[in-house]
Structure formats: structure tokens, C-alpha cells
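build me a model from this:
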Amino acid sequence: MRELLAGLEEEGVPVRLASGTPTGGAATSPADSGEAATAVELAHAAARASPLDVGVGIDVEGRVCVHHAKRPADRPVVTTDATRARWCGHNAARLVVGLPLKEPPEQLEETWPQH
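Next up is the predicted model:
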């Protein structure tokens, strides 16, 4: 989470954090039926709820997904593992402001020390 937020902050885009299931209505997806939501489901739900039309989801398996509300639910912009969370933050912010996406980093990013 720290790396994702750092990427968003470095691009200067506001963020709102939320946790929970992707939808609050009747069970229509595996996440709604008690199974853990995927990063794609979480990101798509966040994008649809966001006034900026961009959402990011992180699932329990450490996958990170960036989605746009106008894309089909099964066609996210970016999906990767948590080792590239900062890059996902940068690209989520770039979607908001209309800048080209950054290429994936050649090497895995260093993460902050866990104390």
C-alpha cells in the first residue's frame, strides 16, 4: 500500500482509500458470495465509484490492478503483483490527468524497509 500511495503522490493526484467488497447489492460475483474479491473486481468497482473514473484494487494474494470505469470489467488497464505497486500508482494517476502511461520498470522496485 505504501508504494502504491507513493506513486500516486509523486504524480500529484488525490486518493481516497476504501476497503470492502466490490458491490453492496445482491450476490452477483464470487466476491459477493463470500469469496475474496480479485484485484480486477476491486479496481473496477473503485473506478465506477470514483468521480475521476479510475480505481485501483489490491487483493489478498498481493495482485494490484488499475482500472478505468469506461473499460469492460474484464479488461483492466494494468494488472501486476505488489512488487510493482509504485508503478501502478504512477499509471493510475496518469490515467486521471491524461498523460501517457509509464513503461513497466526493467527491474523490481525496492520497497521501504518493514519495521
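
where does pLDDT dip in the chain?
Residues of the chain meeting the criterion pLDDT under 70: 20-34, 107-115.

show me where this protein has its strands.
Counting by DSSP state E, the chain has strands at residues 54-58, 63-68, 78-81.

now those as JSON lines including distance to residue 4 and mean neighbour count?
The way it works is simple: take the backbone N, C-alpha and C, and place the C-beta from them, glycine included. JSON lines is the format used below for those (distance: least, Cβ to Cβ, whole Å; neighbours: other Cβ atoms under 10 Å):
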{"stretch": "strand 54-58", "distance to residue 4": "6", "mean neighbour count": "24"}
{"stretch": "strand 63-68", "distance to residue 4": "7", "mean neighbour count": "25"}
{"stretch": "strand 78-81", "distance to residue 4": "11", "mean neighbour count": "16"}
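
count of residues packed around the closest residue in space to residue 97 that isn't next to it in sequence?
Using Cβ to Cβ, 6 or more residues apart in numbering and skipping residues adjacent in sequence, the residue nearest residue 97 is residue 13, 6.6 Å away. Using other Cβ atoms under 10 Å, residue 13 is surrounded by 18 other residues.

hang on, residue 13 packs against residue 95?
No. Using Cβ atoms under 8 Å, residue 13 is not in contact with residue 95, being 9.1 Å away.

anything in contact with each of these two?
Applying Cβ atoms under 8 Å, 6 or more residues apart in numbering, one finds that no residue jointly contacts residue 13 and residue 95.

with distance to residue 43 added, can I get the strands of the chain in TSV?
Shown next, in TSV, are those (distance: least, Cβ to Cβ, whole Å):
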stretch	distance to residue 43
strand 54-58	3
strand 63-68	4
strand 78-81	8
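
nearest to residue 99, of these?
Among the strands of the chain, strand 54-58 comes nearest to residue 99, with 12.2 Å by Cβ to Cβ.

the closest one: partners in the sheet, and parallel or antiparallel?
Strand 54-58 sits in its sheet next to strand 63-68 (antiparallel), going by DSSP bridges.

who touches the residue nearest the centre of the chain in this structure?
With distances taken as Cα atoms, centre = their mean, residue 56 lies nearest the centre of the chain, 1.8 Å away. Contact analysis of residue 56 by Cβ under 8 Å, 6+ apart lists 4, 43, 46, 64, 65, 66, 67, 88, 89, 92.
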